[in-house]
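[1] Sequence first, predicted model second:
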Amino acid sequence: HEGVTLKVMEYTYDEDLEELCPVCGDKVSGYHYGLLTCESCKGFFKRTVQNNKRYTCAENQECKIDKTQRKRCPFCRFQKCLNVGMRLEAVRADRMRGGRNKFGPLYKRDRALKQQKKALIRSNGFKLETVLPPPTSPLQTDYSFTGTLHALPTISKSLLPSTPTSITPTDYESGLYGPTTLGMAMQPHVPPLTPQYQYTAFPSRAIKAECPDYTSSPESLTGYPYPDQYLSSSPQPPSLPPLILELLRCDPDELVVQNKIVAHLQQEQNGRGRLDKTSTFSLMCRMADQTLFSIVEWARSCIFFKELRVSSSILLNQTIPLLSLTCSSSAAVQLSEVESQLKTCVLCLQVELSSILSQGEATLSGLVQRGQELASRLRALQVDRREMACLKFLLLFNPNVKLLENQAFVEGVQEQVNGALLEYTLSTYPQFQEKFSQLVVRLPELRALSTQAEDYLCYMHLSGEVTCNNLLIEMLHAKRACV
DNA sequence: ATAGCCTTGAGA
DNA sequence: TCTCAAGGCTAT
């Protein structure tokens, strides 16, 4: 999108060492009611909730809250507390002191996340900032899915979501995907708030000090209802890193794409009669062609890519790895019926192909084997759609391909996507801490595999064994001609 | 009412 | 035993 510009920043350590309160910007004193805040906002939040205080705003309910002005408008201050993700449930109804509550593990995870992010940033040596034109009334901005690209919301300094910058998960997003998580401190979510909040006073009867379980009905445990968006009993809207939401926006539904390809091939095949062995390879090539078309279409429409002037050369370099990923993943992802038919079809083709062309042909069978190994590793990882979208970007923006003028940009995108993926995997699959690294190590494997496949294709073509004239081969030629 | 410092106590 | 996020206390 034209509104998005990227700026690569020198990484400075001290900037990340001091954490700032997401409400007022004062110095953080620890985790309080769900996230890192300063002592004063902790106290303010406690007083407000415990004493069931009601405030009104003398202005437009959009007062700036910072260290010097935080006393001016308690209404907006409390509003901001809720917006950044402070948890009403963490204020104990029975005022019991000491001990631990169920947020403990979440705090721990958040710490681990911050640690890893720091390491990631440090290893890259720089960080990135997304700069946007002045936002147009953030609360009213419509982020719902319209099929077009939206400007990426500002990603807070150094990728640490210390300010509420995430966009509201849309129906498009929350309806389609798997298990939701407690966004908690990692992604302060900004629900589509009506500016006033309501909650009732604590019941007079004593209640054991324990945070309500969000998986069961909060009323039954606590007696005081929270505003709907904080009940979080049934599926809470997933709170995803904004970048991932953005990547998903331009990520086509794999199933739709596959169906289109199958339909296209079936139509072609209808005019050709029965599939015999000699046409198997050409069918496979045509299938690859169709997949390539969809990849090119995706890449051209996706965010970031439009920024690149030499985008076509990136595309040239990265489509084959992407094709490999697409093939591997379609064999790896849990499939619907149609898709699994396609998968069977692909596997049959692979087997047949190897039996036709590779009598004693070690290279191809090795390739197929490596591809299948990779596919099974991906399957074992249970890569979800959001992760797959990230992987595709990481492949597309391969920093190892030296493109002088855009090097920094490509590296920046890498880093941003890496950060988003790390954050996403840690918060969504906390029981699987290594998922991020497990996913990322597949990339060099995939690149190596596709290089091998490319060489093989090239060899086959040059030696005249493959006559099939297709996009894949053309791209190969174009690419080799460039280098 | 605010905010800095103090006390508490379940879990690691 | 130690940790550290809850609640409590109290000058400003």
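    Yep, that arrived. Numbers count the residues shown, from 1 in each chain, chains lettered A, B, ... in the order given.

[2] which residue packs closest to A:P74, ignoring adjacent ones?
    A:Y55 (4.3 Å; Cβ to Cβ, 6 or more residues apart in numbering). Yep, even glycine has a C-beta here, placed from its N, CA and C like the rest.

[3] Quick one: residues contacting A:E39.
    Residues near A:E39 by Cβ atoms under 8 Å, 6 or more residues apart in numbering: A:D26, A:S29.

[4] let's see 6 Å
    A:S29 (Cβ atoms under 6 Å, 6 or more residues apart in numbering).

[5] Number of residues surrounding the residue nearest to A:P74?
    A count of nearby residues for A:Y55, using other Cβ atoms under 10 Å, gives 15.

[6] Does it belong to a helix, a strand or coil?
    coil (DSSP: H, G, I helix; E, B strand; the rest coil).

[7] in what helix or strand does A:A93 lie?
    Element membership for A:A93, per DSSP states H and E: none, as it lies in no helix or strand.

[8] which helices and strands sit right next to the helix or strand harbouring A:L248?
    Element membership for A:L248, per DSSP H and E: helix A:242-249. In terms of contacts (3 or more Cβ pairs under 6 Å, 6 or more residues apart in numbering; DSSP states H and E), helix A:242-249 is packed against helix A:385-396, helix A:407-428.

[9] Tell me which of the ones you listed is the most buried.
    Among those, helix A:385-396 has the highest mean neighbour count (mean count of other Cβ atoms under 10 Å), at a mean of 23.

[10] Can you show me the CA trace of it as CSV?
    C-alpha atoms of helix A:385-396 as CSV (Å, rounded to 0.1, in the frame of the first residue of the first chain):
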residue,chain,number,x,y,z
ARG,A,385,-2.4,-21.1,7.9
ARG,A,386,-1.0,-18.0,9.6
GLU,A,387,2.4,-19.7,10.0
MET,A,388,2.2,-20.8,6.4
ALA,A,389,1.5,-17.2,5.3
CYS,A,390,4.6,-16.1,7.2
LEU,A,391,6.8,-18.8,5.7
LYS,A,392,5.7,-17.8,2.2
PHE,A,393,6.8,-14.3,2.9
LEU,A,394,10.1,-15.4,4.4
LEU,A,395,10.8,-17.3,1.3
LEU,A,396,9.7,-14.5,-1.0
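
[11] That helix packs against which elements?
    So helix A:385-396, by 3+ Cβ pairs under 6 Å, 6+ apart, packs with helix A:242-249, helix A:311-332, helix A:407-428.

[12] which of these has the lowest average pLDDT?
    Across the helices and strands packed on helix A:385-396, helix A:311-332 has the smallest mean pLDDT, namely a mean of 49.

[13] List the residues that contact the residue in the stretch 301-450 of chain A that DNA strand B sits nearest to.
    Going by Cβ to the nearest atom of the strand, DNA strand B is nearest to A:P430 of the stretch 301-450 of chain A, at 13.3 Å. Counting by Cβ under 6 Å, 6+ apart, A:P430 touches A:R109.

[14] quick one, phi psi at it?
    Backbone geometry at A:P430, expressed as degrees, to the nearest 10, gives phi -60, psi -20.

[15] tally of neighbours for A:R95?
    A:R95: 12 neighbours (other Cβ under 10 Å).

[16] what do you get for A:C81?
    29.

[17] Who's the closest spatial neighbour of it, skipping the chain neighbours?
    The shortest distance from A:C81 to any non-neighbouring residue, by Cβ to Cβ, 6+ apart, is to A:F45 (5.1 Å).

[18] buried stuff in the helix or strand encompassing that neighbour?
    Using DSSP H and E, A:F45 maps to helix A:39-50. Buried residues in helix A:39-50, counted by 16 or more other Cβ atoms under 10 Å: A:S40, A:C41, A:K42, A:F44, A:F45, A:K46, A:T48, A:V49.

[19] so the residue of the stretch 51-200 of chain A found nearest DNA strand B, which of the three states?
    When distances are taken as Cβ to the nearest atom of the strand, the stretch 51-200 of chain A reaches nearest to DNA strand B at A:G98, 2.1 Å away. When classified by three-state DSSP, A:G98 comes out as coil.

[20] Show the model's pLDDT score for it.
    Here, the pLDDT recorded for A:G98 equals 91.

[21] Over to it: give its phi and psi.
    Per degrees, to the nearest 10, the backbone of A:G98 is at phi 70, psi -170.

[22] Next, find the distance separating A:L395 from A:G419.
    According to Cβ to Cβ, to the nearest Å, A:L395 and A:G419 sit 17 Å apart.

[23] Ok, A:F397 next?
    Counting by Cβ to Cβ, the gap from A:F397 to A:G419 is 13 Å.

[24] right, and out of the buried residues of helix A:39-50, which lies closest to A:G25?
    Nearest to A:G25 among those is A:C41, at 10.0 Å by Cβ to Cβ.

[25] That closest one contacts A:V23, doesn't it?
    Yes: counting by Cβ atoms under 6 Å, A:C41 sits close enough to A:V23 to count as a contact (4.5 Å).

[26] So for the nearest residue to A:K67 once chain neighbours are set aside, what's the pLDDT?
    Ranked by Cβ to Cβ, 6+ apart and with sequence neighbours excluded, the top spatial neighbour of A:K67 is A:D26, at 4.7 Å. A:D26 is assigned 91 on the pLDDT scale.

[27] what do you get for A:F436?
    For A:F436, the pLDDT comes out at 87.

[28] so who does it touch?
    So A:F436 contacts A:L422, A:T425 (Cβ under 6 Å, 6+ apart).
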